[in-house]
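Colleague: starting from these lines, generate the structure:
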Amino acid sequence: MTMMIAILFALALLGFQQLVMFFKGSQYLSWLLAIIMQSLVVYIFALAHQLRIGIWLTFVSGLILAIIFLWLE
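Modeller: Here you go, the predicted structure:
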């Protein structure tokens with residue numbers, strides 16, 4: 001179960017990384033920018049006392065982005 005969660009998290013991170021690359025971000029900084037984007041979204045939701053919603057929203061949107069960008073290739 002833990003391995004499946006790790007794989008899904010990596011796919012969600014891949015979705016955000018592909019979004020950075022889509023907007024012509026640096027290839028070398030795209031992973032770092034993807035992690036920063038995810039952290040900022042979760043942080044903003046944590047400030048609003050909606051941490052669980054923020055985590056799920058970040059996770060699901062990352063998976064959707066990964067599916068979209070893998071489908072476009």
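Colleague: now do the contacts for the nearest residue to Leu29 once chain neighbours are set aside.
Modeller: What sits nearest to Leu29 in space, not counting adjacent residues and going by C-beta to C-beta, 6 or more residues apart in numbering, is Val20, at 7.8 Å. C-beta here means a position set from N, CA and C on the backbone, and glycine is covered the same way. Each residue near Val20 by C-beta atoms under 8 Å, 6 or more residues apart in numbering is listed here: 29-30, 33-34, 37.
Colleague: what helix or strand is Val20 located in?
Modeller: Under the criterion of DSSP states H and E, Val20 resides in helix 2-22.
Colleague: out of the contacts of Val20, which is most surrounded?
Modeller: Tallying neighbours with other C-beta atoms under 10 Å puts Ala34 at the head of the contacts of Val20, with 23 neighbours.
Colleague: tell me the spacing between it and Ile5.
Modeller: Applying C-beta to C-beta, to the nearest Å, the value for Ala34 to Ile5 is 18 Å.
Colleague: same check on Leu65?
Modeller: Leu65 sits at a distance of 18 Å from Ile5 (criterion: C-beta to C-beta).
Colleague: also Leu13?
Modeller: Distance from Leu13 to Ile5, by C-beta to C-beta: 13 Å.
Colleague: so the two - more neighbours on which side?
Modeller: Set Leu13 next to Ile5 and count neighbours by other C-beta under 10 Å: Leu13 wins out with 20 against 10.
Colleague: now name the helix or strand holding the closest residue to Leu13 other than its chain neighbours.
Modeller: Once flanking residues are discounted, Leu13 sits nearest to Ala34: 5.7 Å by C-beta to C-beta, 6+ apart. Here Ala34, judged by DSSP H and E, is contained in helix 30-47.
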